[in-house]
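Chemist: compute the structure for the input listed below.
(chains A and B)
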Amino acid sequence: MLELINVTKMFGSFTAVNNLNLIVNSGDFFGFLGQNGAGKTTTIKMITGLYTATSGRILIDGYDIVKDPVAAKSSIGYIPDQPFIYEKLTGREFLYFSGGLYSISKQSLKNKIEETIEVLQIGDWVDKRTEEYSQGMKQRITIASSLLHDPKLLVVDEPMVGLDPQSAVIVKNILKQKADSGCAVFMSTHSLNVAEEICTRIGIIKDGSMIFSDTKEVIEKIKGSDHENLESLFLHLTK
Amino acid sequence: MKDVLHIIFYKLLIFLKVNSPLNLSNTIKNIGSGLVYAIFAYGCFSLTQNTIQYLLMQVKIGNFLLHRFILVMLFIFFIAINVGNMVVSFSTLYKSKEVIHLITKPISFTKIFLIKFLDNFFYSSSTLLLIISAVLIGYGIYFNFGFWIYPFILLFLILPFMLTAGSAGVIILLIILKLAGSWGIKKVLSIIGLFYTSGIITFYFISNPLNLVQRVFDYYPNLDQYFGFLENSIISFLPNYWVAESLYWLSEGKFERAFPYIYLNILVSVFIFSITLWIASKWFYQTWLTSLRINSELKNNVKDKNLLFGFDKTSWLKGFNESIIKREFWLFIREPNQWAHFLVMIFLIIVFVSSISGIDIIIVKAYNHYLKTVVYLVVTLFNVFLVASLSLRFVFPIISLEGEALWKIRSAPINFNLLLKQRLFIYLAMIFLIGQIITFFSNFQFPLALALTAQINAAITSITLVSLNFGMGGIFANYKEKNAIRLASSQGASITFLFTILYLVVLIVVLFIPVSNFFYSIERGNSQPISGLALTSIILTILGIIVASASVNTGLKSFYKDV
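Modeler: Okay, the predicted model is just below:
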């Protein structure tokens, strides 16, 4: 579903992402870990078309994000780390706006919005303007907006920031359900316990290069032998 | 005062720091900007000098009428600064995060107000000062002013004049918010708006520039004398009159006659600025709290459901077009900065169009074809200037206003070129229509061929200037700035404005000879040559195609940058 082939991103002489190779299949829940400035958000921005890679290719459902951006983006649901949304629109209006970008028919969109509002439990304030929302509320509206078109690939950047414990549980469950139903999830996070709990594969990036990538089972084995938990393994690898 | 200086020092530091990395592209951009400023300054200087020479030597309107023309320009200038400060100050004083930050620190409210007022005043006046300086040099060289006079006029005439206009604007804003606390914002805005409009209309009635021109021309050809006795004495209480009178007497070499007006101008400026600070010391914090309360009340009273053009309603628009157009519409309607400024500009346009309705007096009674040419060109200039102002204010910020929510658009499966062209088309249609309406109402009294040329040229100009602003807005895109007014007064906007002025110069140069020949033929009773007029439209069309295609392509490309 998602394939990164020799992807490099440079800002001037600084290499933010260095020759990254990765495949995320349908149903995979890929946890993308790394320290601040390691290249996580840059990678995500390249996957979603916000940055153009300096070299290499990114394929989404077989479509190249640079050569065939419209087809590639049709399959992506993107949840950014900073949930900036139009302050003068209500949450519901933002959902209609977002759905319209994916050319969903009005009736299907209406039904999907109602369904998403129900699942994310945002009905109490979805008709208020988003300028009144807290960070967590904005995050939930952003998540809702990314699910309307039933994406084949969910790209999630730090989903738990600003969420209260109840909301965090809802979001975790939704992401897990999406992966279980065959959607590929690519999630960057600093919450190692969340990654440990819900991811099926984990990759660690350091200074722009992938230094570790394997399945949860392998990680469990490594943990069992040398490290007591993922945090200890992470600290060891990123030292 | 130490803390004020401390904050100003750091604000200056931020201003002086290069806000973009030092690379080849940015260096070229900065050199290019500097070059544009320099060319523009020279253009202003040269245009002023030649215009004055033309008006005094060819048209022979006399020094008095020239300075009455300056008086009217100064009035427009005063209103522009006054309204501009009112609108921008509302954002900087009441909605700025910096104010919220400073309010939590042990700094007095008056000092916070002072810092933001000066910040606002100098930020939005820098381009104006550049234009004025260049115009002043052109003006001064014509009248053989000594070197010392330039800084003198700038410091003791222009700056106090601008300070008076800016301070008065902020006083009105403070009064609006003070009264809004008890009367409600809508009622207060209506009342103040009504007073303000009445004030402007009264000025036109009292000064009646068209009538004055007619009365002065009764003395033709002896126009080189002082005709102050023909004026309504009430206008002598206005700051633009003091500045115009000072300039008149300085140009006549009679400093002693100018001095009382210069003194009065400074005195009133200091007085009004002190009054502003005094009122701010009493009301700023209180009105700041009021603005929060009003904002919160307005938000609570918002009923966004079941709207006629609502997102949930089915419309004839399809796919993402519907999303984009509805978003554009609602973000504009719900952002007071946008619609309030739009209404103010429409109001100024109406004032202009209604005041120009008396132009037939000038056309019929103009004493020579030079004056008729000047009248036609001035009307054209005003029309294009209004279109340029609307373009700068509403089109330049288009790309930047995609804002920090840009991720949603950029990660969506849509054709960005189509999206931006659609957005551009919405504003182009609006400005094109306004341009055509004001051109029609301000030109219908001219001969048909001229009126038609004006209409065609206005259409070409609208497309050219809207495209130019779109492209420049893309080059200088700033997705972090939410305030459209600040975007429209940023460095990029200033450079765009300078390009616009250059375009205006080209327009006048292209139009001058054909229009002058046309009026000359009328004067001689010959058949009027229209091929020259047609040629102006052809030249402007070619220029328009070059500017528009280059600008639109640049604007579209800028959207594909990393964000």
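
Chemist: check what pLDDT the residue nearest to residue B:43 when sequence neighbours are not counted gets.
Modeler: Among residues not flanking residue B:43 along the chain, residue B:505 sits closest, at 5.5 Å (C-beta to C-beta, 6 or more residues apart in numbering or on different chains). From N, CA and C alone the C-beta is placed, and that goes for glycine too. Residue B:505 is assigned 85 on the pLDDT scale.

Chemist: so residue B:505: helix, strand or coil?
Modeler: Here residue B:505 is recorded as helix under DSSP: H, G, I helix; E, B strand; the rest coil.

Chemist: got the contact list for stretch A:62-75?
Modeler: Stretch A:62-75 has contacts (C-beta atoms under 8 Å, 6 or more residues apart in numbering or on different chains) with A:1, A:46-49, A:52-53, A:57-61, A:102, A:149, A:151-153, B:411-415.

Chemist: could you tell me which of those residues belong to strands?
Modeler: A:57, A:58, A:59, A:60, A:153 (DSSP state E).

Chemist: show me the shaky parts of the chain.
Modeler: Because you didn't say which chain, this covers chain A. Applying pLDDT under 70 to chain A flags residues A:223-228.

Chemist: try again with chain B
Modeler: Along chain B, segments meeting pLDDT under 70 span B:16-23, B:299-306, B:355-367, B:563.

Chemist: report the central residue of it.
Modeler: Within chain B, one residue has its C-alpha closest to the average C-alpha position: by C-alpha atoms, centre = their mean, that is residue B:389, at 5.6 Å.

Chemist: for chain A, give the residue positioned nearest to chain B.
Modeler: Residue nearest to chain B within chain A: residue A:100 (2.9 Å; C-beta to the nearest C-beta).

Chemist: can you name every helix or strand that the helix or strand containing that residue contacts?
Modeler: Assigned by DSSP states H and E, residue A:100 belongs to helix A:91-101. Helix A:91-101 is packed against helix A:106-120, helix A:135-147, helix B:319-333, helix B:406-410, with contacts defined by 3 or more C-beta pairs under 8 Å, 6 or more residues apart in numbering or on different chains; DSSP states H and E.

Chemist: run a quick neighbour tally on residue 177.
Modeler: Because you didn't say which chain, this covers chain A. Number of residues near residue A:177 (other C-beta atoms under 10 Å in any protein chain shown) recorded here: 11.

Chemist: my bad, the chain I had in mind was chain B
Modeler: So residue B:177, with other C-beta under 10 Å, has 23 neighbours.

Chemist: spatially nearest residue to it (excluding sequence neighbours)?
Modeler: Closest residue to residue B:177 in three dimensions, ignoring its sequence neighbours and counting by C-beta to C-beta, 6+ apart: residue B:287, at 3.8 Å.

Chemist: settle this for me: the one you found is touching residue B:175, isn't it.
Modeler: No - contact criterion C-beta atoms under 8 Å: residue B:287 and residue B:175 do not qualify, at 9.1 Å.

Chemist: the helix or strand harbouring residue B:337 to helix B:319-333, inter-axis angle?
Modeler: Using DSSP H and E, residue B:337 sits in helix B:336-356. Relative orientation of helix B:336-356 versus helix B:319-333 (axes from the mean of the first three to the mean of the last three C-alpha atoms, to 10 degrees): 70 degrees.

Chemist: near chain A, anything from helix B:336-356?
Modeler: No - using C-beta under 8 Å from any C-beta of the partner chain, helix B:336-356 never reaches chain A; the gap is at least 9.7 Å.

Chemist: what is that helix packed up against?
Modeler: Counting by 3+ C-beta pairs under 8 Å, 6+ apart, helix B:336-356 packs on helix B:62-89, helix B:185-207, helix B:319-333, helix B:369-394, helix B:416-443, helix B:484-487.

Chemist: dump the helices and strands packed on helix A:91-101 into CSV; add mean neighbour count and distance to residue B:223 as well.
Modeler: Shown next, in CSV, are the helices and strands packed on helix A:91-101 (neighbours: other C-beta atoms under 10 Å in any protein chain shown; distance: least, C-beta to C-beta, whole Å):
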stretch, mean neighbour count, distance to residue B:223
helix A:106-120, 16, 70
helix A:135-147, 23, 67
helix B:319-333, 19, 49
helix B:406-410, 22, 59
